[in-house]
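Novice: After the sequence you'll find the predicted model.
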Amino acid sequence: MPRFISTLFALAGLTLFAAVGGVWGADDVEEAAPSFEVKALFEKDELPDGVAFEIVENDRAALSALLPEIQANIRVLRQRAPDLPIAVVTHGAEQFTLTRAQAAAHGSLHAEIESLVMDDGVNVVVCGTFAGWRDLESDAFLEHVEVATAAPDRLEDLKAAGYTVIRLRPSLLDAPAEDPWEFDFGQP
């Protein structure tokens, strides 16, 4: 009987090792898929004059969580229309990850955002009004990030210029239970 039990434990251990090893050893990380709304744009005869992705969450991690989807959206839009103007307008708590003070804590996010601006020609915008409520001036943000006086007004300007605005949200598994319009007013 002890031999049976040790064999059973050995098999269970090998099965667990294979399952965990398969996850740890996965080299082919699945790329994020573009948003449903971006796919819907391709069903129209013409693309809009530009696309703006709006993010407004009470979750400082929202921008990092949405970055793979943003990149997938930009990739498919650029394949179809290489010169299409694209903007990312962030005006919730997530915008504060783009401050200079957060460079060490969010270095990879900062590098990816800089790449979107410098390499992909994407305009990344944060809200100066919300920053002001946190006593942050425009120079608190990265130099390649536009600080709009008010992000909602900037979005209205983009709509008037023919942009389609697409609001991105983290998945329900990632999203906090709080209402995203009730913002955390703690320190940035």
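Specialist: Everything's here; your move.

Novice: going forward, measure contacts between C-alpha atoms and count neighbours the same way
Specialist: Will do.

Novice: quick one: low-confidence parts of this protein?
Specialist: Within the chain, the segments meeting pLDDT under 70 span 1-30, 172-188.

Novice: how about the strands in it?
Specialist: Secondary structure of the chain (DSSP state E): strands at 50-55, 86-90, 123-127, 146-148, 163-167.

Novice: Could you tell me how far the last one lies from the centre of the chain?
Specialist: Taking the mean of its C-alpha atoms, strand 163-167 sits 15 Å from the chain's own mean (Cα atoms, centre = their mean, to the nearest Å).

Novice: That one: which residues count as buried?
Specialist: 163-166 (16 or more other Cα atoms under 10 Å).

Novice: list the helices and strands that strand packs on?
Specialist: Packing partners of strand 163-167 (3 or more Cα pairs under 8 Å, 6 or more residues apart in numbering; DSSP states H and E): strand 50-55, helix 151-160.

Novice: elements contacting the last one?
Specialist: This means helix 151-160. Checking 3+ Cα pairs under 8 Å, 6+ apart, helix 151-160 ends up next to strand 86-90, strand 123-127, strand 163-167.

Novice: Now do that helix: everything it contacts.
Specialist: 52, 89-91, 125-129, 148, 164-165 (Cα atoms under 8 Å, 6 or more residues apart in numbering).

Novice: Same list, these, but as a markdown table with distance to Ile70 please.
Specialist: Formatted as a markdown table, the contacts of helix 151-160 follow (distance: Cα to Cα, whole Å):
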| residue | distance to Ile70 |
| --- | --- |
| Ala52 | 10 |
| Val89 | 11 |
| Thr90 | 12 |
| His91 | 16 |
| Val125 | 14 |
| Val126 | 16 |
| Cys127 | 19 |
| Gly128 | 22 |
| Thr129 | 24 |
| Ala148 | 20 |
| Thr164 | 15 |
| Val165 | 13 |
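
Novice: of all these, which two lie farthest apart?
Specialist: Pairwise distances across these (Cα to Cα) peak at 23.0 Å, for the pair Thr129 and Thr164.

Novice: Nearest to Pro48, out of the helices and strands packed on helix 151-160?
Specialist: Using Cα to Cα, the helices and strands packed on helix 151-160 put strand 163-167 closest to Pro48, at 5.8 Å.

Novice: partners of the closest one, with directions?
Specialist: strand 50-55 (parallel) (DSSP bridges).
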